[in-house]
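Q: Sequence and predicted structure, then a few things I'm wondering about:
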Amino acid sequence: MRFKAIVCQVFTREMQDAVSRCSHSIEVENVPMGLHDLGIEMRPHLQERIDAADSDGFDAILLGYALCGRGTEGLRAGKTQLVLPRVHDCIGLLMGGHQAYMAYFENHPGVYYRSPGWIEYQTPGMQLEPAFASQKSPLGERRTLEELVAQYGEENGKYLFEQFNAFRRNYSGLTYISTGVASDDASRGKACGEAEKEGWAFEEVKGTVALLEQLVSGEWDAASFLVVPPGATIRATLGDGIVDAV
């Protein structure tokens, strides 16, 4: 089988690990993590990549994404079927699925999450590639105080920095999802340092690349994956299914 995988940069190393053990032919396209800054406006950029791959004779186009705040809702399959994990975000994917994430969440409210990819690729001042730059929101936790002051002046810059980071006051802990990739040790240290700086409790959980391995191997059980047939569109849905096709 020959697959095209369109993958968020946050999964770069985990996807490399999964592909290395896969018997199928996989062409991987990593998409900058900063695409998430666009919110639901990430959709047309992903659709463009899907459409570009649609005429290349792939057996399936695999999405290394989740529902992602409805950023993938509305994506349409052309002549080639799409495959998407049934999870809300990368946290659920790296924890092994929606049920595994919910079991942890119910006993750990008020927790902020990090993974190797989130730490390695989310850097202050990160810029989107030119194709996305015109739509990039100037807001977000990746903007440093220095950048905001330079753009808006000292008083306004400090105010904006405070507002953009106010969400942190709602958290009491940081959970690091270890996936065993090459950057794991360095990322763990940075996550621990972030928790200490914020005064949060630190905890580490063992993550898994099982869903990514199933994605690239073609083992798409209906409980864990949505297979979108040609011509159909991804739709968010209530319940544990998370997404369906219409």
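A: Nice, thanks for sending it over. Residues are numbered from 1 along each chain as shown.

Q: isn't residue 22 right up against residue 213?
A: Yes. The criterion here is C-beta atoms under 8 Å, and residue 22 meets it with residue 213 at 7.4 Å. Glycine gets a C-beta too; all of them are placed from N, C-alpha and C.

Q: quick one: least confident helix or strand in the protein?
A: Within the chain, no helix or strand scores below helix 130-133, which has a mean of 46 by mean pLDDT, DSSP states H and E.

Q: what are the ranges of the strands in this structure?
A: Ranges of strands in the chain, per DSSP state E, are 2-8, 25-31, 60-64, 82-85, 111-114, 173-178, 201-206, 225-228, 234-236, 243-245.

Q: and the protein, what are its domains?
A: 2-88+209-245, 93-206 (automatic domain parsing).

Q: mind checking how far residue 173 is from residue 202?
A: 7 Å (C-beta to C-beta, to the nearest Å).

Q: Which residues are in contact with each of the two?
A: Counting by C-beta atoms under 8 Å, 6 or more residues apart in numbering, the shared contacts of residue 173 and residue 202 are residue 195.

Q: The longest helix anywhere in the chain - contacts with which helices or strands?
A: Taking DSSP state H as the criterion, the chain has its longest helix at helix 184-198. Applying 3 or more C-beta pairs under 8 Å, 6 or more residues apart in numbering; DSSP states H and E, one finds that helix 184-198 makes contact with strand 111-114, helix 116-121, strand 173-178, strand 201-206.

Q: Return the mean pLDDT over the shortest one, rounded to an integer.
A: When pLDDT is averaged along strand 111-114, the result is 93.

Q: Pull up the pairing partners for that strand, direction included.
A: Strand 111-114 has the following strand partners under DSSP bridges: strand 173-178 (parallel).
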